[in-house]
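**Q** model the structure of this input:
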Amino acid sequence: MQLYQKRASLLLGFSFCFAVLAFTYQTDRTKLLIRKWKLIDAEFPEIEAELLHFSPSQRKAHKQELSRTWVGSFIEFRKDNTYTAVILADTAQGIWHLSTDQSQLLIKNQKDSIERAMPILELSKNRLILIGTQQQKMIWQPF
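**A** Residues are numbered from 1 along each chain as shown. Reported below is the predicted structural model:
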């Protein structure tokens, strides 16, 4: 009986520690996300495939031209789980949250109320990389 109680106490202790670590991880990732991010690059798979047929200088020129189109594009995630995004002069607002396992950003635009999942490839204080709804890789950095 005493051995059973020790094992139960040990399991309960491990469960508590795991819960605390999971909450800390979630809180830290949420804190990292809450800020204003500017779009610095985007890679579209179908465009990248087409660019393989271009010369290196043509690819570079195309990427430079494309990067100029992102100027002024941003997304801001707020503590109240609302967001505002301006991408290519199109403005969207809605709500956001992270998936249970923290691997995806879930956003719901107030215009259509459809929840969209965007996998998070990287999230740090200096960089956010998301896979967008058209399978594009979007690279963001804080303002």
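
**Q** low-confidence ranges, this structure, go.
**A** Scanning the chain for pLDDT under 70 picks out 1-27.

**Q** how about a cut-off of 80?
**A** 1-27, 46-49, 66-67, 70 (pLDDT under 80).

**Q** just the helices in the protein please.
**A** Under the criterion DSSP state H, the chain contains helices at 2-33, 45-51, 56-69.

**Q** quick one: contacts of the shortest one?
**A** Outside of helix 45-51, the residues within contact range by C-beta atoms under 8 Å, 6 or more residues apart in numbering are 58, 59, 62, 66, 135, 136. (Each C-beta comes from the backbone N, C-alpha and C, glycine too.)

**Q** repeat for stretch 66-84
**A** In contact with stretch 66-84 (C-beta under 8 Å, 6+ apart) are residues 33-42, 47, 85-89, 91-97, 107, 140, 143.

**Q** just the C-alphas of it, formatted as CSV.
**A** Output of stretch 66-84 as CSV, limited to C-alpha atoms (Å, rounded to 0.1, in the frame of the first residue of the first chain):
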residue,chain,number,x,y,z
LEU,A,66,8.6,41.0,-55.5
SER,A,67,10.1,42.2,-52.2
ARG,A,68,9.2,45.8,-53.1
THR,A,69,5.5,44.7,-53.3
TRP,A,70,5.6,43.7,-49.6
VAL,A,71,6.6,47.2,-48.4
GLY,A,72,4.1,48.4,-45.9
SER,A,73,2.6,44.9,-45.3
PHE,A,74,2.2,44.0,-41.6
ILE,A,75,0.2,41.9,-39.1
GLU,A,76,-0.3,42.9,-35.5
PHE,A,77,-1.4,40.3,-32.9
ARG,A,78,-2.8,41.8,-29.7
LYS,A,79,-3.2,40.5,-26.2
ASP,A,80,-7.0,40.4,-26.5
ASN,A,81,-6.6,37.8,-29.3
THR,A,82,-7.5,40.2,-32.1
TYR,A,83,-5.4,41.0,-35.1
THR,A,84,-5.1,43.5,-37.9
